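A.B. asks: give the three-dimensional model of this entry:
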Amino acid sequence: LMQDIEAIIGEIIEREAGYVDHPNDRGGPTKYGVTQRTLAEYRGHPVTAEDVRHLTEAEARHIYRANYLTRHQLYRIQDPYLLSLVFDCAINHGPQRAVRWLQNAAGVVDDGEFGDQTEVAVNSQDSVRLYQRVLARRIVYYGEILNSDHSQVEFALGWLRRAASFVEV
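C.D. replies: I've put the predicted structure just below:
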């Protein structure tokens with residue numbers, strides 16, 4: 001599974017690309033998908049946009065492993081495709097939301113905490129069906145964002161391309 005995880009992180013870093021600081025992006029300054037807030041939380045002190053700009057890929061990978069994979073226990077998802085989708089959702093939409101979507105798809109209490117019940121439910125069900133349900137929920141979520149905040153419309157094509165890349169798997 002470790003090689004799967006490293007490949008998944010590599011795909012996220014490629015998808016997220018380099019430094020971005022778009023005035024309408026609610027994430028603020030971001031590099032490799034790591035926001036200024038996430039970097040500050042990881043380092044344990046406030047950081048500047050310049051700190052984000054100088055984030056290395058190695059540190060971004062470490063943040064993904066520590067803050068998402070380990071802290072939110074995503075490594076417990078056995079199917080590599082489902083793991084890839086949920087991991088990407090966690091980076092893009094926040095780990096608790098991604099876990100809640102997965103829990104909802106698996107029919108367990110959606111508290112955003114990946115525990116034993118979630119693990120058993122997720123790993124004993126049809127992973128293709130769970131994948132489809134999580135991806136469908138993600139697409140609806142993009143629509144909800146666009147519907148509630150029209151300033152985000154310029155990001156719609158990128159979001160839909162991102163979702164489409166998971167349909168094509």
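
A.B. asks: secondary structure class of F114, three-state.
C.D. replies: Following DSSP: H, G, I helix; E, B strand; the rest coil, F114 is assigned to coil.

A.B. asks: doesn't R76 make contact with it?
C.D. replies: Yes. Using Cβ atoms under 8 Å, F114 is in contact with R76, at 6.1 Å. For glycine as for every other residue, the C-beta is placed from the backbone atoms N, C-alpha and C.

A.B. asks: compare these two (neighbour count), which wins?
C.D. replies: F114 (23 against 16; other Cβ atoms under 10 Å).

A.B. asks: where in this structure is pLDDT low?
C.D. replies: 1-2 (pLDDT under 70).

A.B. asks: all helices for it, in order.
C.D. replies: Assigned by DSSP state H, the chain shows helices spanning 2-16, 36-43, 49-53, 57-63, 80-93, 95-106, 116-124, 127-148, 156-167.

A.B. asks: between these, which one is nearest to R26?
C.D. replies: helix 127-148 (9.0 Å; Cβ to Cβ).

A.B. asks: who are the packing partners of the closest one?
C.D. replies: helix 80-93, helix 95-106, helix 156-167 (3 or more Cβ pairs under 8 Å, 6 or more residues apart in numbering; DSSP states H and E).

A.B. asks: I'm done for today, thanks for sticking with me.
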